[in-house]
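Student: Mind looking at a prediction? Sequence and model below.
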Amino acid sequence: MTLILFQQDPYQREAQSRVIAHTEEGGVVLDASIFYPTGGGQPGDSGALEWDGKRMAVATAVKGEEGAIILVPSEPVALPPVGCHVVQHLDWDRRHKHMRIHTALHLLSVAVPFGVTGGAISATHGRLDFKMPDAPEDREALEETLNAFVEQDARVSDGWITEAELDAAPELVKTMAVKPPRGMGDIRLVRIGEDDDWIDLQPCGGTHVARTGEIGALRLGKIEKKGKMNRRIYIHLDS
């Protein structure tokens, strides 16, 4: 199992760790990882590992068995040997944009109060699919609502609840296609706002900015029809 450093501090850009395994496909497993693995619509992080004067570029990170995080090399190279101590270097610019978009999508799920049927994140834009028969009538008002949430500079924090507590509050789960993982202990909640005055509260394992003001200005993109009862809404970072 890999210690998840990116949940303890999503702003950590470097970390020392030890190689505990190689995969048959040529991936590297560390005892602790600042690299977020692909999941929940958020891409896996990229960056590099360094050891003994050598360097391996990391194309992405994916989930393995029993809580392992696998780092995938960008090209076939000699891997750091098992037991070797390495320094992880995160592609911070790319990760930070993912964080900004991810938090912005949580705000979009508040501004558009329908069930979420899918979503995706990139370094420039993101999208959510909603179970809704018609497109929003006022694009300008929706964009203004999103940017008003950003301008509030609300705090973003996390906490944990038990599966039983989540069962007692099913309204916290907005995603219809993907449910929070079960049987792995407590479930992480991401809160936007204060404990007694929050904008959004929902299960999430991804990385987020510390305050909504860090997202920056948002621009509403395409709104597409995806089936009789689905609408896909895109949002873009202005910079």
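Tutor: Noted; the coordinates are in hand.
Student: which residue packs closest to Leu128, ignoring adjacent ones?
Tutor: Gly119 (4.5 Å; Cβ to Cβ, 6 or more residues apart in numbering). All C-beta spots, glycine's among them, are computed from the backbone N, C-alpha and C.
Student: ditto for Arg94
Tutor: Arg94 sits nearest to Ala123 (Cβ to Cβ, 6+ apart), 5.2 Å away.
Student: And what about that neighbour, helix, strand or coil?
Tutor: Under the three-state scheme (DSSP: H, G, I helix; E, B strand; the rest coil), Ala123 adopts coil.
Student: and the residue nearest to Leu128, how many neighbours?
Tutor: 22 (other Cβ atoms under 10 Å).
Student: next one: the helix or strand in which it is found to chain centre, how far?
Tutor: Using DSSP states H and E, Gly119 falls within strand 116-121. The chain centre lies 11 Å from the centre of strand 116-121; the measure is Cα atoms, centre = their mean, to the nearest Å.
Student: Show me the contact partners of the helix or strand following that strand.
Tutor: Where DSSP H and E defines the elements, the next helix or strand beyond strand 116-121 is strand 125-131. Outside strand 125-131, the residues within contact range by Cβ atoms under 8 Å, 6 or more residues apart in numbering are 41, 101-102, 104-105, 108-109, 112, 114-120, 176, 221, 226, 229-237.
Student: Report how many residues lie close to the nearest residue to Ala210 once chain neighbours are set aside.
Tutor: Leaving aside its chain neighbours, Ala210 sits nearest to Val156 (5.8 Å; criterion: Cβ to Cβ, 6+ apart). Residues lying near Val156 (other Cβ under 10 Å) number 22.
Student: residues of the helix or strand that contains Val156 that come out buried?
Tutor: In this structure, Val156 sits in strand 156-161 according to DSSP H and E. If you call a residue buried by 16 or more other Cβ atoms under 10 Å, then strand 156-161 has these buried ones: 156-157, 161.
Student: Export those residues as CSV, with columns for pLDDT.
Tutor: Formatted as CSV, the buried residues of strand 156-161 follow (pLDDT from 0 to 100):
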residue, pLDDT
Val156, 97
Ser157, 96
Ile161, 88
